[in-house]
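Visitor: Give me coordinates for this.
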Amino acid sequence: MKTYKVAILGATGAVGQEMLKILMERDFPVSELHLLASARSAGKKITVAGKEYTVEETTENSFDGMDIVLGAAENDIAEKYLPIAAAKGAIVVDNSSAFRLHEDVPLIVPEVNPQAVREHHGIIANPNCATIIALVALQPLHAYANAKRMVVSTYQAVSGAGVNGIRELNQQVGALAHGKEVEVNTFQYQIAYNLIPQIGGFNEAGYSSEEMKMQNEGRKIMGNPELCVNCTCIRVPVIRSHSESIMVEFEKEISVEKARELLQNAPGVKLVDDPQNMVYPMPLDTTDQDLVFVGRIREDMSNHANALSFWCCGDQVRKGAATNAVQIAELVIQEKER
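Guide: Residues are numbered from 1 along each chain as shown. The predicted structure is shown next:
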């Protein structure tokens, strides 16, 4: 089997470290692996699967000879370095939002539009975590009945804001338990025992940047510029795994029974749908694995023809970020070896 020289940009962050772990889990054919981060992190040792790696400072020369670069850095770092990596011949799979809506950059969920990997010009974008989780669940239903409108509410874990989000929730829970003051730094308000209906800044219409991603990215991935999405994104005091309540209107009639049948056999999906016996997706059950759990499937009661509602949960650090990126890299090497 052919092997590849791989670099991870932003390797010391939560997503970067998960990418490293998943490369090992999935036996990605790596001949060389370079972990790139800031000068502050250079020299740090990271051990995965019994093998120790040393973090390197990112420079323009870091990408010389690389075949594949996985991006797990913030937008400014991605914009600075990843075009350089692509210009030097590497194929880049980037998790930031920097390139997602560029016309010449494919935006890929492998269970939805794997064929788009053939359209890249050196950079491929990884979608937003909530978009990935929603579309993995939606795709088998869309392929059968053609989705035309979605109403989505997302319930997003604090780890979506990085390690500082986890620390802040844990600090606040501990402080409140001991009658102490909470610290509010990462989120707009106290997140412990609270919900915050804001992720990102708001536009003039009152929608947050996170809410617009579901429509803009969903349209691009599904190849449907007419897809209508109304989304509300909420930060919740959960450590890991995002949950989503989704109502979808379809062009074609689709029953609950047909939806269950389609989801039962869909790639990347686990059907968890027996509410009478209290069986339904929950974030605790979806953490640290790669499937999107789907349940609570029911006909829409609000007089919308051909509409279903369902609930889904998925690990936003893995399938919503790192695993999806590695799956895209696997598509890249499949195309190379055809």
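
Visitor: quick one: the strands in the stretch 201-338 of the chain?
Guide: For the stretch 201-338 of the chain, the strands defined by DSSP state E, counting those that start in this stretch cover 228-235, 242-250, 269-271, 292-299, 307-314.

Visitor: Comparing those strands, which stretch has the densest surroundings?
Guide: Among the strands of the stretch 201-338 of the chain, strand 307-314 has the highest mean neighbour count (mean count of other CB atoms under 10 Å), at a mean of 25. No exception for glycine: its C-beta is placed from N, CA and C like everyone else's.

Visitor: what packs against the least confident helix or strand in the chain by mean pLDDT?
Guide: Sorting the helices and strands of the chain by mean pLDDT, DSSP states H and E puts strand 45-48 at the bottom, at a mean of 88. For strand 45-48, the packing partners by 3 or more CB pairs under 8 Å, 6 or more residues apart in numbering; DSSP states H and E come out as helix 14-25, strand 51-57.

Visitor: right, so of those, which gets closest to residue 247?
Guide: Nearest of the helices and strands packed on strand 45-48 to residue 247, taken as CB to CB: helix 14-25 at 29.6 Å.

Visitor: Which helix or strand lies directly C-terminal to the longest helix anywhere in the chain?
Guide: Ranked by number of residues, the top helix in the chain under DSSP state H is helix 129-145. Per DSSP states H and E, the first helix or strand lying C-terminal to helix 129-145 is strand 147-156.

Visitor: tell me what that following strand is packed against?
Guide: With 3+ CB pairs under 8 Å, 6+ apart as the test, strand 147-156 has helix 129-145, helix 209-222, strand 228-235, strand 242-250 packed against it.

Visitor: Turn the ones you listed into CSV, columns for distance to residue 161.
Guide: Conversion of the helices and strands packed on strand 147-156 to CSV gives the following (distance: least, CB to CB, whole Å):
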stretch, distance to residue 161
helix 129-145, 11
helix 209-222, 11
strand 228-235, 8
strand 242-250, 12
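
Visitor: Ok, which of those comes nearest residue 272?
Guide: helix 129-145 (11.2 Å).

Visitor: Can I get that closest one as PDB, trimmed to CA atoms?
Guide: Extracted in PDB, the C-alpha atoms of helix 129-145 (Å, rounded to 0.1, in the frame of the first residue of the first chain):
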ATOM      1  CA  CYS A 129     -19.900  20.500  13.200                       C
ATOM      2  CA  ALA A 130     -23.700  21.100  13.500                       C
ATOM      3  CA  THR A 131     -24.100  21.000   9.700                       C
ATOM      4  CA  ILE A 132     -22.300  17.700   9.500                       C
ATOM      5  CA  ILE A 133     -24.400  16.000  12.200                       C
ATOM      6  CA  ALA A 134     -27.600  17.300  10.700                       C
ATOM      7  CA  LEU A 135     -26.800  16.300   7.100                       C
ATOM      8  CA  VAL A 136     -25.600  12.800   7.900                       C
ATOM      9  CA  ALA A 137     -29.000  12.200   9.500                       C
ATOM     10  CA  LEU A 138     -30.900  14.000   6.700                       C
ATOM     11  CA  GLN A 139     -29.100  12.500   3.700                       C
ATOM     12  CA  PRO A 140     -30.900   9.100   3.400                       C
ATOM     13  CA  LEU A 141     -34.300  10.800   3.800                       C
ATOM     14  CA  HIS A 142     -33.300  13.600   1.300                       C
ATOM     15  CA  ALA A 143     -32.100  11.000  -1.300                       C
ATOM     16  CA  TYR A 144     -35.600   9.400  -1.100                       C
ATOM     17  CA  ALA A 145     -37.900  12.400  -0.800                       C
END
